[in-house]
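Q: what shape does this take:
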Amino acid sequence: MADFYFDEIIKVVKIDSQAVYDKVSRINAKSEENGYYLELDVHSELYPMLPREKYRMLISNTLHMDGSAVASYFPEGEPKSLAEKFEYVMHGLLYKMAESQEKTDGNDDVKVEVYISFGGLQLMLKGDPLKMRKFKVDQKMFLLLRKI
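A: Just a heads-up that it's a prediction; the model follows:
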């Protein structure tokens, strides 16, 4: 079985269509259950997203459901891919991790920020350090999105 680094329902809070490039929107979203916050660049012509919409977002190191590594080619009879169940898929590299301080209810909470580049489109994912422990710098990752 594939090991997912992130598997959450996210709700789009805000969209900035002028943030990066033409045809690219930067979405701000929050997960419904575990308090993750993220900023993600999306090709808005290929995959338009709107505020208040919900999506299932998955981050994995493979597209194979059995957890095996992805080859540079797809031979005949290849097992089913996770990509078949999603509408938008990107492949990228985790290039940076950082800690940040956040004030909540008068307490300083430590959060971990993960930065992944998908060929120029960026993801910043912020969450609890215990839930982010699987992430390591220089990992190749797949991000998959599907509207709910």
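
Q: between the two ends of stretch 30-46, how far is it?
A: Stretch 30-46 has its terminal residues 22 Å apart, counting by Cα to Cα, to the nearest Å.

Q: buried stuff in that stretch?
A: Neighbour-count burial for stretch 30-46, counted by 16 or more other Cβ atoms under 10 Å, picks out 31, 36, 37, 38, 39, 40, 41, 42, 44. Bear in mind the C-beta positions are built from the backbone N, C-alpha and C, glycine included.

Q: how many residues are close by residue 69?
A: 9 (other Cβ atoms under 10 Å).

Q: okay, and the beta partners of residue 42?
A: In this entry, residue 42 is beta-bridged to residue 25, by DSSP bridges.

Q: my read: it touches residue 27, true?
A: Yes. If you go by Cβ atoms under 8 Å, residue 42 and residue 27 touch, sitting 6.0 Å apart.

Q: where does residue 29 fall, phi/psi-wise?
A: Here is the backbone geometry of residue 29 (degrees, to the nearest 10): phi -150, psi 160.

Q: what sits against it?
A: Applying Cβ atoms under 8 Å, 6 or more residues apart in numbering, we find residue 29 in contact with 10, 11, 12, 13, 37, 38, 40, 55, 57.

Q: please name the nearest non-neighbouring residue to it.
A: Distances taken as Cβ to Cβ, 6 or more residues apart in numbering place residue 10 nearest to residue 29, at 4.3 Å, with adjacent residues excluded.
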